[in-house]
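> what follows is a predicted protein model with its sequence.
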Amino acid sequence: MSVTTDVKTYFNYINGEWVAASTDQLDASISPANRHEIVGYVQKSGKDDLDRAVEAAKHAQIAWRKLSGAARGDYLYKAANALERRLDEIAECMTREMGKTFPEAKGETARGVAILRYYAGEGMRKIGDVIPSSDSEAFMFTTRAPLGVVGVITPWNFPVAIPIWKMAPALIYGNAVVIKPAQETAVTAAKVIECFQEAGLPAGVVNMVTGPGSVIGQAIIDHPGINGITFTGSDTVGKNVGLGALKRGAKYQLEMGGKNPVIVANDADLDQAVEATISGGLRSTGQKCTATSRVIVQSEVYEAFKEKLIASVKQLKVGDGLHGETWMGPCASENQLNTVLSYIEKGIAEGATLLYGGKRIEDGELGNGFYVEPTVFENVTSKMAIAQEEIFGPVLALIKVETLEEAVEIANDVAFGLSASIFTKNIGSMLSFVNEMDAGLVRINAESAGVELQAPFGGMKQSSSHSREQGQAAIEFFTAIKTVFVKP
Ligand code: NAP
Ligand code: MG
């Protein structure tokens, strides 16, 4: 590949140094807003590079785990400050690299800062319990031990927040980290790692190796020096990670897809429901694991809701995420665009009615990017692919129902269970939704896509390996409980 001189090359970060991959190969990270724009070159590493990173992490972890939680927290506070100082620059890089709008990218980067500060504080909070022993002379308590080296595999849709919500808890509880970010957004990831470097973390505590998932991701799965693997990404890859980790007895955590519903009840505030459906379904071009994709509406308000929804969708401005007036950016890659277009075709072929959108946008400059119209289907039945499979694009499927019981039944009629929301004024309807909805995140009169960093996050059914990330729940994955019995 020819490397033009004005585009920066990003290296692997191993043992506190930026180094080229042993393969001498690079990938170009391109902008989905304009396929001709190269955001940066990143290393296309091989297994040797991963081996070196794991060695460095293993060695560094010995001293890192001996620091007090407060001392480790100090490094995280410094990393937060570095990220905050570079917020606009890193957010702009994210927008160029994966397409989400600049305000969304800034919001995500600010979230990264807040997560770092949250976990910095966790270094000084309780990590165990005292349990009365049946021996009256003895003292029994629990404490927590780090896993050792944690392998982190992340997707491209939240290139700052997801790496940080995995690395920050891993580090605060005394683990060293080797991260393989999505190659699609490896430039943004490198900038996040630079913030850890600016914070002065001891060499080897954080390492980054970029490259294809099939090589570097697989090497993380297989490496005997990696004690735990935390993965966020697709269902298929996630299950492979879990199987591989299980085979060699490593701890693993998988956060995977969603097919998230919103239910609009007859007594819903329709304006609120429309706004939340659009925000939850179409922000980030529908590429959030918690994005709304099924819109289940009770028949009495169906026509009114539909009319308001379409009127609002028509107003959405699609374009380059760096332009101030843009509401929705492109799909993150050509692959992603093709997946979305193929689901739209499938929807039509299966007999759903295309109400709005459905086409690639190729007018003028947008023709150089991976743009698709926000799309709304109706007459969707629960068996159709567009009602069952994760599309990961700006596509909403309207499903009409008579009763709320039917609505919840359809809402639950998928393999996934990440997030779900309902719009209603009736407390009884709210509570039965809370009780009957199989989802890790259940939201009332709020969009499906809201996540708070201090609360547990993760899915039921096939959306996760049944563990939770974020908030205090993170300690469960990143540490092992030790029960201690002391007798004088
Ligand atoms: P993906 O294709 O599964 O990739 C995720 C990560 O796994 C990337 O770093 C990828 O590397 C790597 N990978 C690919 N093949 C691998 C293999 N054989 N072994 C080990 N690692 C491998 O997912 P994506 O397309 O990036 O992300 C979209 C998916 O993430 C959606 O399904 C979405 O729902 C899910 N997601 C879930 C959550 C959640 O918290 N539940 C949050 C965000 C996203 P390369 O891509 O660099 O090759
Ligand atoms: Mg890109």
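Cool, got the structure. Bear in mind the structure is a predicted one, so any value in this text is a computation, not a measurement. Numbers count the residues shown, from 1 in each chain. Ligands and ions are numbered 1, 2, ... in the order given.

> which parts of this protein sit against ligand 1?
153-158, 180, 182-184, 212-214, 217-218, 221, 232-234, 237, 240-241, 255-258, 289, 390, 392, 418, 459, 463 (Cβ under 6 Å from any ligand atom). Backbone N, C-alpha and C define where each C-beta goes, glycine included.

> domain ranges for the chain?
Domain ranges of the chain: 9-256+464-486, 260-452, per automatic domain parsing.

> from the residues of the chain next to ligand 1, which land in strands?
If you go by DSSP state E, the residues of the chain next to ligand 1 have Ile153, Lys180, Thr232, Glu255 in strands.

> was I right about the first one contacting Ile220?
What it means is Ile153. Yes. The pair Ile153 and Ile220 qualifies as a contact (Cβ atoms under 8 Å) at a distance of 6.2 Å.

> intersection of neighbour lists for the two?
Taking Cβ atoms under 8 Å, 6 or more residues apart in numbering as the contact rule, Ile153 and Ile220 both touch Lys180, Ile229.

> on that earlier part again, now, of the residues of the chain next to ligand 1, which are buried?
Neighbour-count burial (16 or more other Cβ atoms under 10 Å) applied to the residues of the chain next to ligand 1 gives 153-158, 180, 182-184, 213, 217-218, 221, 232-234, 237, 240-241, 255-258, 289, 390, 392, 418, 459, 463.

> near ligand 2, list only the ones from those.
Glu184 (Cβ under 5 Å from the ion).

> skip ahead from the longest helix anywhere in the chain and say which helix or strand is next.
Looking across the chain with DSSP state H, the single longest helix is helix 102-122. Towards the C-terminus, the helix or strand next in line after helix 102-122, according to DSSP states H and E, is strand 139-146.

> returning to that earlier point: now render the domains of the chain as CSV, adding mean pLDDT.
Formatted as CSV, these follow (pLDDT from 0 to 100):
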stretch, mean pLDDT
domain 9-256+464-486, 98
domain 260-452, 98
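
> ok so, going back, of the ones in strands among the residues of the chain next to ligand 1, closest to ligand 1?
Among those, Glu255 lies closest to ligand 1 (Cβ to the nearest ligand atom), at 3.4 Å.

> so what's that closest one bridging to?
Thr232, Ser464 (DSSP bridges).

> that one contacts Asp235, doesn't it?
No. Proximity of Glu255 to Asp235 does not meet the contact threshold set by Cβ under 8 Å, at 10.5 Å.

> touching stretch 244-256 from outside, list them.
147, 218, 221-222, 224, 226-235, 238-239, 241-242, 289, 416, 457-459, 462-465, 467, 469, 477.

> before we move on, what about stretch 293-304?
With Cβ under 8 Å, 6+ apart as the criterion, stretch 293-304 contacts 258-266, 268, 270, 277, 281, 286, 305-306, 309, 380, 387, 390-391, 395-404, 407, 410-411, 414.

> buried ones among those?
Applying 16+ other Cβ under 10 Å to the contacts of stretch 293-304 flags 258-266, 268, 270, 277, 281, 286, 305-306, 309, 380, 387, 390-391, 395-401, 404, 407, 410-411, 414 as buried.

> which ones among those lie within helices?
Per DSSP H, the buried ones among the contacts of stretch 293-304 map to helices at Leu270, Thr277, Gly281, Phe305, Lys306, Leu309, Ala387, Leu404, Ala407, Ile410, Ala411.

> now the last one. Nearest residue, chain neighbours left out?
Counting by Cβ to Cβ, 6 or more residues apart in numbering, the nearest residue to Ala411 once its immediate chain neighbours are dropped is Pro261, at 4.1 Å.

> how about the third one?
Nearest residue to Gly281 in three dimensions, chain neighbours excluded: Thr292, at 3.9 Å (Cβ to Cβ, 6+ apart).

> wait, what's in contact with the one you found?
Asn260, Pro261, Val262, Ala276, Thr277, Gly280, Gly281, Leu396, Ser421, Glu447, Ser448, Ala449.

> show me which residues of the longest helix of the chain are buried.
Of all the residues in helix 102-122, those buried under the rule 16+ other Cβ under 10 Å are 102, 104-106, 108-120, 122.

> check stretch 299-319 too.
In stretch 299-319, counting by 16+ other Cβ under 10 Å, buried: Val301, Tyr302, Phe305, Lys306, Lys308, Leu309, Ile310, Ser312, Val313, Leu316, Val318, Gly319.

> contact partners for the fifth one?
With Cβ under 8 Å, 6+ apart as the criterion, the residues that contact Lys308 are Leu270, Asp271, Val274.

> picking up where we left off before, my guess is the residue nearest to Ala411 contacts Arg443. True?
No. Pro261 lies out of contact with Arg443 (Cβ under 8 Å); the separation is 10.9 Å.
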